[in-house]
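> no sequence for this one, just the structure:
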């Protein structure tokens with residue numbers, strides 16, 4: 001086993017789990033973070049990611065990303081960074097694999113629909129719902145709710161995007177039961193998971209956008225960072241047709257971003273003098289991230305993708321219809337809670353409890369299940385059969 005860096009998270013010094021392990025339980029020679037990763041992979045919410053939107057709703061083109069394939073790609077990048085920095089690979093992988101597990105169907109348009117529908121119950125946030133799923137809703141164990149993940153994994157998922165000064169109801173509820181120090185920065189493993197997410201979707205969305213015809217290579221080359229990388233790729237492979245070089249461009253950009261994060265993170269850690277994971281949390285600023293130059297490159301790339309992909313007329317049209325599907329479903333269940341499956345029909349004590357119960361059920365749906373239930377309970381769905 002590779003030695004851990006001083007500022008890495010050490011499973012032997014974990015702050016533990018909310019529920020103690022039953023006496024006599026044996027589960028093989030795994031440490032705390034390895035167990036967390038395995039519990040996530042074997043969970044029902046993780047399996048559902050294969051039918052949840054990344055950018056394209058219920059894509060029937062096998063080559064487009066979905067939440068599951070995106071999460072696997074994030075984990076690959078995260079493990080590479082963690083290994084090079086001497087961080088805990090298993091914790092990093094667990095965080096990467098679970099970071100999107102709380103997304104409802106239809107991605108951010110689905111989240112918008114649930115936020116509006118649950119306005120009288122505190123709204124909806126997919127990051128907080130990740131924690132709610134893993135601590136309360138998923139119940140594979142006989143003596144407690146949740147997956148009983150370690151403190152470090154829950155902390156990293158709760159604040160992988162940074163400190164949370166004002167947690168919403170779902171995260172506040174989980175924090176009150178098992179305090180997660182929400183106002184500090186998380187471990188380096190969690191920070192690496194967050195930057196790996198950015199690297200993955202920045203570059204893989206280029207691949208999906210080109211494949212879907214949302215923009216051309218010529219339009220993409222308006223981004224200086226991409227243009228410089230493309231020039232280098234063409235220099236190395238002058239006799240290869242352009243279409244075959246698109247994957248090489250993606251790989252090259254991922255490599256450049258990964259190398260930049262490694263250099264910048266090592267510089268920040270050395271400058272801060274962090275000698276433990278607690279020093280990382282007490283630093284008062286992120287220690288993992290892009291250099292200023294790469295951050296500007298990444299910002300301009302994101303600006304392009306928002307304009308030409310995420311907010312393009314074809315995608316917005318689909319998202320608007322998807323939002324109507326969830327809004328219609330939520331309204332149907334609210335008007336008649338008996339439409340919920342029997343195991344979800346617990347008598348709520350008040351309107352807020354009912355709205356949150358419906359929100360939990362709808363958020364757990366896959367794209368295709370939500371479409372099928374809408375057709376059954378509300379009416380036809382106008383989503384296109386293919387992009």
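Yep, that arrived. Keep in mind that what you see is a predicted model, and the values were worked out from it rather than measured.

> could you report the separation of the residue lying closest to residue 77 once chain neighbours are set aside from residue 123?
Spatially, and ignoring its direct neighbours in sequence, residue 77 is nearest to residue 196 (4.1 Å; C-beta to C-beta, 6 or more residues apart in numbering). Every C-beta, even on glycine, is put in place using the N, C-alpha and C of the backbone. Residue 196 sits 28 Å away from residue 123, going by C-beta to C-beta, to the nearest Å.

> between the two, who's got more neighbours?
The neighbour comparison of residue 196 against residue 123 (other C-beta atoms under 10 Å) goes to residue 196, with 30 against 18.

> so residue 68 makes contact with residue 41?
No: the pair residue 68 / residue 41 is not scored as a contact, 10.8 Å apart, by C-beta atoms under 8 Å.

> between the two, which one's more packed in?
Ranked by neighbour count (other C-beta under 10 Å), residue 68 and residue 41 place residue 68 first, with 19 against 13.

> poorly predicted segments of the chain, please.
Low-confidence segments of the chain, defined by pLDDT under 70: 1, 22-26, 56-62, 348, 384-387.

> does the most far-flung residue of it relative to its centre count as helix, strand or coil?
Here the chain reaches farthest from its C-alpha mean at residue 239, the gap being 38.8 Å by C-alpha atoms, centre = their mean. Assigned with DSSP: H, G, I helix; E, B strand; the rest coil, residue 239 falls in the coil class.

> ok, now how distant is it from residue 233?
13 Å.

> any shared contact partners between those two?
Residues touching both residue 239 and residue 233 (C-beta atoms under 8 Å, 6 or more residues apart in numbering): none.

> dihedrals phi and psi, residue 66?
Backbone torsions of residue 66, given as degrees, to the nearest 10, read phi -120, psi 180.

> quick one: contacts for the nearest residue to it once chain neighbours are set aside?
In space, and not counting its chain neighbours, residue 66 is closest to residue 54: 5.3 Å by C-beta to C-beta, 6+ apart. Counting by C-beta under 8 Å, 6+ apart, residue 54 touches 64, 65, 66, 67, 69, 70, 107, 201, 208.

> cutoff 10 Å now
Contact analysis of residue 54 by C-beta atoms under 10 Å, 6 or more residues apart in numbering lists 64-71, 100, 103, 107, 201, 204-205, 208.

> repeat for residue 127
Contacts of residue 127 by C-beta under 10 Å, 6+ apart are 99-100, 102-103, 157-161, 164, 167-168, 170-171.

> swap in residue 123?
Residue 123 neighbours (C-beta under 10 Å, 6+ apart): 111, 114, 115, 116, 117, 168, 169, 170, 355, 359.

> any chance of a markdown table for these, columns secondary structure?
Formatted as a markdown table, the contacts of residue 123 follow (three-state DSSP):
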| residue | secondary structure |
| --- | --- |
| 111 | helix |
| 114 | helix |
| 115 | helix |
| 116 | helix |
| 117 | helix |
| 168 | coil |
| 169 | helix |
| 170 | helix |
| 355 | helix |
| 359 | helix |
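
> of those residues, buried ones?
111, 114, 115, 117, 169, 170, 355, 359 (16 or more other C-beta atoms under 10 Å).
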